[in-house]
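> The following comprises the amino acid sequence and a computationally predicted model.
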Amino acid sequence: MPGQKRILPNFVSFKWDDYLKETGGIPAPKGCFKQSEAPPGNEFLPGMKLEAQDPRNTTSTCIATVIGFYGPRLRLRLDGSDNKNDFWRLVDHPDLKPVGWCEKNGGMLQPPLGFRMNASSWPSFLLRTLNNAEMAPETAFKSEPATPEGNKFKVGMKLEAVDHKNPYLICPATVGEVKENMIYVQFDGWTGGTDYWVEHDSREVFPVGWCAATLHPLQHPGKKDKAAKLRRPSGNTSVSGVSSATATGASTSTPGQTPPPTPPPAVTSAKAESDSTSTSSSSSSEAAADISVTIYINNSCISGPYLSPHKLWQMPSHIGPAPIDKALQYAVQFCVDCAVQPKAIMGFFKPSPRGTIFLTAMYGGEKHTMKIGSPYNRASFWKAIDKLCEDLLCCGNFFTSQPLKEPCPRCARKAEDNLNQPGSSSSSSAVKSSAAAPKRTHSTDSSTASTDRDHKPPKAAKHQKKITTQPASSTTTVSEAKQEPKPSSSNPSNWTIEEVIRYVSESDSALAAHVDLFRKQEIDGKAFLLLNSDMIMKYMGLKLGPALKLCALIEKLKAKKT
């Protein structure tokens with residue numbers, strides 16, 4: 001995508017030509033595959049919203065978020081689900097649609113299987129999720145390629161295939177058997193525990209050279225003479241990074257054998273990387289790329305006024321092991337993506353023309369980028385994390401070098417239950433927590449680094465004035481809005497029905513088609529301010545799009561009133 005900096009995976013290249021000569025293999029013709037002749041371009045970015053079918057319940061269309069990508073493959077998470085059910089799709093997969101497609105075609109968005117909240121809260125959850133979110137552009141959705149006429153595969157043909165146990169991996173494979181419209185995929189050099197049957201037009205098999213053409217990492221085959229002693233990497237998929245989807249797989253090998261290369265370090269889920277620790281030296285003379293750290297995100301802690309409680313679930317359980325510059329980039333970018341006001345988070349940092357860390361944010365209807373300086377050693381990395389916590393006014397244990405095994409003793413908070421209790425002040429609690437936290441001691445081993453911190457009195461209060469939260473409403477708003485039309489009375493509670501109608505019509509011409517509903521339901525200023533998402537969709541019968549717009553108008557009025 002023009003203007004977008006993509007970080008290419010740092011993997012050892014696999015040369016199919018040499019391998020085919022060595023094994024005498026024959027690549028399967030491109031006409032065998034249901035893949036585009038020229039691999040499609042990827043215009044998606046992490047954090048973008050789209051509609052996707054729930055892979056566990058294909059009759060449901062849900063809202064999904066792009067977590068990361070490898071070439072034209074996207075890692076997706078259904079909003080309201082967790083990172084254990086992430087899945088991968090190509091950008092030209094027919095299951096993917098832009099937001100609004102379901103409504104235009106007479107359908108209704110459904111909560112994903114295993115929705116973590118009460119089903120009755122789905123409409124309001126949907127409105128909160130989509131409010132001010134970055135939607136994937138329609139140009140990002142590519143046309144599905146044509147289906148090949150019949151099964152043209154032959155036994156012994158070579159191809160590239162997705163590893164079902166590690167869906168972020170693509171490996172060299174061979175067609176082991178052909179039966180009607182099915183083929184049996186055998187991964188070269190590995191035991192049969194990972195092989196599988198698949199239909200000949202599956203989107204998970206690719207022609208030889210597809211990974212090289214799309215810059216997608218390709219795993220090396222195992223050693224056939226050692227196959228019985230080898231295990232393929234297994235477990236959950238790791239979470240992709242912000243600028244490129246990267247993941248780490250674990251493998252074992254016998255002495256003297258070169259194991260298959262793995263993609264570079266990335267943001268990972270706790271289960272996939274729970275046993276991973278950093279063993280890099282912390283010498284100040286080390287290059288930043290050679291120092292690896294792991295940073296845990298304890299999003300059950302007080303997050304402060306700058307991060308949206310409704311977006312915190314998007315954050316992974318931890319980042320790394322990863323080089324310190326990448327770990328800092330991922331941590332900051334996740335905060336920007338989960339911010340009430342991304343502009344405020346970007347304001348914490350001073351641009352550096354020679355910086356190597358790239359940050360992106362959407363606000364004011366435009367995409368903004370910034371380069372900031374990278375840490376030069378382990379101590380400077382944790383100092384930058386301390387400064388980030390101080391600016392965020394969050395709990396001192398929000399970012400740690402070890403996971404919290406018990407509820408945080410500093411904020412005495414039990415998971416997500418109290419994230420949005422009316423009358424509570426997360427910002428004041430965070431100030432007390434951060435002010436009382438002792439200084440972090442820097443260890444030479446990131447796996448044993450202390451989580452203690454000591455912050456100076458918060459400096460970010462000037463940013464806090466820009467933010468207005470509404471604990472009892474379904475959304476959190478930022479008082480950075482366009483100039484709204486001014487009715488005769490400055491107090492919205494005193495508006496008549498006609499003044500409410502005039503305000504709505506002048507604020508958004510698209511909503512003018514629904515103004516008769518306000519007369520019919522006798523909605524004056526007081527009633528207008530009491531409307532919520534459930535009422536708008538249930539009693540006024542509005543669809544998702546107009547309901548989102550109305551909620552935004554109401555929240556702006558509430559923010560001004562307070």
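Yep, that arrived. Numbers count the residues shown, from 1 in each chain.
> What residues does W88 make contact with?
Listed by C-beta atoms under 8 Å, 6 or more residues apart in numbering, the contact set of W88 reads 73-76, 162, 167-168, 237. In this view, the C-beta of every residue, glycine as well, is placed from N, C-alpha and C.
> residue contacts, M182?
By C-beta under 8 Å, 6+ apart, M182 lies in contact with 151, 197-200.
> any idea which of these has the most stuff around it?
When neighbours are taken as other C-beta atoms under 10 Å, the top entry among the contacts of M182 is H200 (20 neighbours).
> State the helix or strand in which Y376 lies.
Applying DSSP states H and E as the criterion places Y376 outside every helix and strand.
> Look up phi and psi at it.
Dihedral pair for Y376: phi -100, psi -10, per degrees, to the nearest 10.
> Just give me the longest helix of this protein.
Longest helix in the chain by number of residues, with DSSP state H as the criterion: helix 544-561.
> mind listing what's buried in that helix?
Neighbour-count burial for helix 544-561 flags 544, 546-559 (criterion: 16 or more other C-beta atoms under 10 Å).
> swap in stretch 125-145?
Applying 16+ other C-beta under 10 Å to stretch 125-145 flags 125-134, 136, 140-142, 145 as buried.
> Poorly predicted segments of this protein, please.
Residue ranges of the chain with pLDDT under 70: 1-13, 223-289, 313-314, 411-489, 561-562.
> Point me to the residue sitting closest to the centre of it.
Centroid-nearest residue in the chain: I67, 2.9 Å away (criterion: C-alpha atoms, centre = their mean).
> who does the helix or strand hosting that one pair up with?
Here I67 is covered by strand 57-70, with elements defined by DSSP H and E. Sheet pairing of strand 57-70 (DSSP bridges) gives strand 49-54 (antiparallel), strand 73-78 (antiparallel).
> G156: which of the ones you listed is closest?
strand 73-78 (26.7 Å; C-beta to C-beta).
> The helix or strand following the closest one: partners in the sheet, and parallel or antiparallel?
Using DSSP H and E, the next helix or strand after strand 73-78 towards the C-terminus is strand 87-90. Paired strands of strand 87-90, with direction, are strand 73-78 (antiparallel) (DSSP bridges).
> send the alpha carbons of the strand it pairs with over as PDB?
Taking C-alpha atoms only, strand 73-78 is exported to PDB below (Å, rounded to 0.1, in the frame of the first residue of the first chain):
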ATOM      1  CA  ARG A  73      -3.100 -13.200   4.700                       C
ATOM      2  CA  LEU A  74      -4.900 -11.500   7.500                       C
ATOM      3  CA  ARG A  75      -5.100 -12.600  11.100                       C
ATOM      4  CA  LEU A  76      -8.600 -11.800  12.400                       C
ATOM      5  CA  ARG A  77     -10.300 -11.600  15.700                       C
ATOM      6  CA  LEU A  78     -14.100 -11.500  16.200                       C
END
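> Now do the buried residues in that strand.
Neighbour-count burial for strand 73-78 [16+ other C-beta under 10 Å]: 73-78.
> Which single one of the buried residues of helix 544-561 is nearest to A513?
Nearest to A513 among those is P546, at 8.4 Å by C-beta to C-beta.
> residues contacting that closest one?
Going by C-beta under 8 Å, 6+ apart, P546 touches 510-511, 514.
> that older thread, how far does the longest helix of the chain sit from the chain's center?
26 Å (C-alpha atoms, centre = their mean, to the nearest Å).
> unless I'm mixing things up, the residue nearest to the centre of the chain is touching F44, no?
No: under the criterion of C-beta atoms under 8 Å, I67 makes no contact with F44, lying 10.5 Å away.
> any idea how far whichever strand or helix holds A384 is from the chain center?
Using DSSP H and E, A384 falls within helix 378-392. Mean C-alpha position of helix 378-392 versus that of the full chain (C-alpha atoms, centre = their mean) differs by 22 Å.
> which helices and strands does that helix pack with?
Helix 378-392 is packed against strand 292-297, helix 324-337, strand 399-400, helix 426-436, with contacts defined by 3 or more C-beta pairs under 8 Å, 6 or more residues apart in numbering; DSSP states H and E.
> pull the CA atoms of the second one into CSV?
Extracted C-alpha coordinates of helix 324-337, given in CSV (Å, rounded to 0.1, in the frame of the first residue of the first chain):
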residue,chain,number,x,y,z
ILE,A,324,13.7,-3.8,22.4
ASP,A,325,12.9,-1.4,19.5
LYS,A,326,10.1,-3.6,18.2
ALA,A,327,8.7,-4.3,21.7
LEU,A,328,8.5,-0.6,22.4
GLN,A,329,6.9,0.0,19.0
TYR,A,330,4.2,-2.7,19.6
ALA,A,331,3.5,-1.4,23.1
VAL,A,332,3.0,2.2,22.1
GLN,A,333,1.1,1.3,19.0
PHE,A,334,-1.3,-0.8,21.0
CYS,A,335,-1.9,2.1,23.3
VAL,A,336,-2.6,4.4,20.3
ASP,A,337,-5.0,1.9,18.8
